[in-house]
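Q: Return atomic coordinates for the entry below.
(one chain, ligands or ions: 1)
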Amino acid sequence: MSIVTVQLGQCGNQIGFEVFDALFNDSHCSRGLCSKRENEAYQASCKERFFSEEENGVPVARAVLVDMEPKVINQTLSKAACSGRWKYGQHSCFCQKQGSGNNWAYGYSVHGPRHEESIMNLIRKEVEKCESLSGFFIIMSMAGGTGSGLGAFVTQNLQDQYSSALKMNQIIWPYGTGEVIVQNYNSILTLSHLYRSSDALLVHENDAVHKICVKLMNIKQVSFCDINQVLAHQLGSVFQPTYSGEGLFHYRRNPLGIDWQVRPPLSGLPPLGKMSVNKETHFNTSIANLVILRGKDVQSADVGAFKDPALYTSWLEPVHAFSVWKTQRAFRKYEKSAALVSNSQSLVKPLDMIVGKAWNMFASRAYLHQYTKFGIEEEDFLDSFTLLEQVIASYCNL
Ligand SMILES: Nc1nc2c(ncn2[C@@H]2O[C@H](COP(=O)(O)OP(=O)(O)OP(=O)(O)O)[C@@H](O)[C@H]2O)c(=O)[nH]1
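A: Residues are numbered from 1 along each chain as shown. Sure, this is the predicted structure:
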C-alpha cells in the first residue's frame with residue numbers, strides 16, 4: 001500500500017526532501033546487513049510505499065509540493081534532481097508568487113479557497129498512481145502562515161474527500177522564543193483545526209531537535225538542514241518497512257497501522273483512589289507506545305520494561321497500549337537501532353505554554369485585526385482555546 005505525502009510551506013518542503021532522501025538512501029544502502037533476498041523484499045516494500053517508477057526507471061517520490069512562494073520549491077526540486085537517484089514528479093508542484101506573511105488566516109481563508117481546486121487535483125493525480133492507498137502524510141510547520149493555515153485547509157479537504165484514508169500530519173513545533181510574534185496564534189489555530197480533521201499528529205519540537213544537534217552530534221552552528229536530517233532519520237526509522245506478524249521476510253503492507261482511535265471506557269473514568277495513586281507515581285503517563293527495532297538480535301531484544309502497567313493510564317492494559325515492530329534489516333548501516341513513537345503526556349507542558357501565551361495576547365486583543373480582516377473571528381479563537389483546554393485537561397487526567 002502507498003502513502004501520498006503533501007509537503008506544505010518552507011518547512012514542509014525542506015523536511016519532505018530530507019525524508020525522501022533518507023528513505024531512498026536507506027533502502028539502497030548495500031545489503032543492510034541481511035541476506036540479499038530479505039534486502040530485496042525490504043526495498044520493494046519501501047518503493048511501493050513512497051516511490052512510483054518513471055519509464056526511464058528513476059524512482060519518483062509519491063509527493064505533492066505546495067508553497068505560495070517559488071524559491072523553496074525550486075530548491076527542493078533541484079536538490080532531488082541533483083541526487084541523480086530519485087526525483088519529484090514533473091507536474092507535482094503548486095506554487096504562487098506571494099507567501100502568507102506568517103498569517104494563518106491568510107493561508108486558511110485566502111490561499112486555501114482560491115487554490116483549492118488546483119491543489120486537490122494534483123493530490124488526486126498522485127492518488128491515482130497508487131495501486132492501493134494507505135493514507136496521506138502531510139508535512140508542515142505550525143507557526144508560519146502557508147504550511148499551517150493552508151495545511152489545515154488541505155487536511156480538512158482530504159478528510160472530506162478521502163474520509164476512509166488515514167491522514168497523518170507531521171507538525172513542527174516552533175522554537176519557544178525568538179521567532180514570529182504571532183506564532184502562538186498560528187499554532188493554536190493549526191492544532192484546533194487538525195484536531196477535527198486529522199487522524200494522527202506526529203509532533204517534533206524544534207527546540208528538542210536543536211538540542212540533539214548540539215549535545216549529541218556536537219554541531220556548533222545548527223542549521224535547519226541539520227535539524228531536518230535528524231527529523232528525517234527519525235521518521236525514516238518509523239516508516240521504513242517492518243515484518244508483519246506472518247513471519248520473516250513478510251513485510252507489513254499497511255505502514256500506518258497504529259490504533260489511533262483509543263477512547264476512554266464508556267463506563268467513565270476509574271475510581272478516584274486509583275487516579276490519585278497514578279498521579280503520584282507517574283511522571284509521564286502514556287496511552288500508546290510503539291517501539292520499532294531494526295538490525296541484529298531484534299528477535300531476542302528485551303522490551304519487557306515497556307509492558308509495565310505503571311507507564312499507562314489505568315483504563316488501558318499494556319497489552320493493548322504497547323506494540324513492537326521489528327526487522328532484522330539494519331537501518332542506514334546502524335547495526336542496531338530503536339525508535340519510539342509515544343502518545344503520552346509529554347506535550348502537555350509545551351501545549352499549555354502555547355495556549356497560555358496566545359491567551360495573554362488575545363486578552364489584550366493584540367494583532368487580532370490581522371486575522372479578523374481575513375475572516376477568522378474572535379469566536380474562532382475562543383473555540384480553539386476551549387478545545388485545546390479540554391485536550392490539556394484530558395491528558396492531565398490520564
Ligand atoms: N525544523 C524546521 N523548521 C522550520 C524549517 N523552516 C521553517 N521552520 C519553522 O517553521 C516556522 C515558520 O514556518 P514556515 O514553514 O517558514 O512558513 P510557511 O509555511 O512557508 O508560511 P509563510 O512564510 O507565512 O508563507 C518556524 O517555526 C520555523 O522555525 C525547516 O526547514 N525545518
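
Q: count of neighbours near Leu235?
A: Leu235: 21 surrounding residues under other C-beta atoms under 10 Å. To be clear about C-beta, it is placed using only N, CA and C from the backbone, and glycine gets the same treatment.

Q: Just give the closest residue to it, not the sequence neighbours.
A: Of all residues not flanking Leu235 in the chain, Val19 sits nearest, at 5.4 Å (C-beta to C-beta, 6 or more residues apart in numbering).

Q: so how far is the helix or strand where the one you found lies from its chain's centroid?
A: Taking DSSP states H and E as the definition, one finds Val19 inside helix 9-27. Relative to its chain's centre, helix 9-27 lies at 12 Å (C-alpha atoms, centre = their mean, to the nearest Å).

Q: Rounded mean pLDDT for that helix, please.
A: Confidence over helix 9-27 (mean pLDDT, whole number) is 96.

Q: Can I get whichever helix or strand comes after that helix in PDB? Just the C-alpha atoms.
A: On the C-terminal side of helix 9-27, the closest following helix or strand by DSSP H and E is helix 36-50. Below are the C-alpha coordinates for helix 36-50, written out as PDB (Å, rounded to 0.1, in the frame of the first residue of the first chain):
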ATOM      1  CA  LYS A  36      20.000 -10.500  -0.500                       C
ATOM      2  CA  ARG A  37      16.500 -11.900  -0.500                       C
ATOM      3  CA  GLU A  38      15.500 -10.100   2.600                       C
ATOM      4  CA  ASN A  39      17.000  -6.800   1.300                       C
ATOM      5  CA  GLU A  40      15.000  -7.100  -1.900                       C
ATOM      6  CA  ALA A  41      11.800  -7.600   0.000                       C
ATOM      7  CA  TYR A  42      12.500  -4.600   2.100                       C
ATOM      8  CA  GLN A  43      13.400  -2.400  -0.900                       C
ATOM      9  CA  ALA A  44      10.200  -3.500  -2.800                       C
ATOM     10  CA  SER A  45       8.100  -2.600   0.200                       C
ATOM     11  CA  CYS A  46       9.700   0.800   0.700                       C
ATOM     12  CA  LYS A  47       9.200   1.500  -3.000                       C
ATOM     13  CA  GLU A  48       5.600   0.600  -3.000                       C
ATOM     14  CA  ARG A  49       5.000   3.000  -0.100                       C
ATOM     15  CA  PHE A  50       6.900   6.000  -1.200                       C
END
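
Q: for the record, mean pLDDT for helix 36-50?
A: Helix 36-50 comes out at a mean pLDDT of 88.

Q: Give me the neighbour count for Lys357.
A: Applying other C-beta under 10 Å, we find 16 other residues in the vicinity of Lys357.

Q: Confirm that it sits in a helix.
A: Yes - looking at Lys357 with DSSP: H, G, I helix; E, B strand; the rest coil, it is inside a helix.

Q: looking at it, it is touching Asn184, isn't it?
A: Yes - because the distance of 4.4 Å satisfies C-beta atoms under 8 Å, Lys357 is recorded as touching Asn184.

Q: who in this protein is up against the ligand?
A: Proximity of the chain to the ligand (C-beta under 6 Å from any ligand atom) is limited to residues 9-11, 14-15, 68, 99-102, 141, 143-147, 172, 174-175, 179, 206, 224, 227-228.
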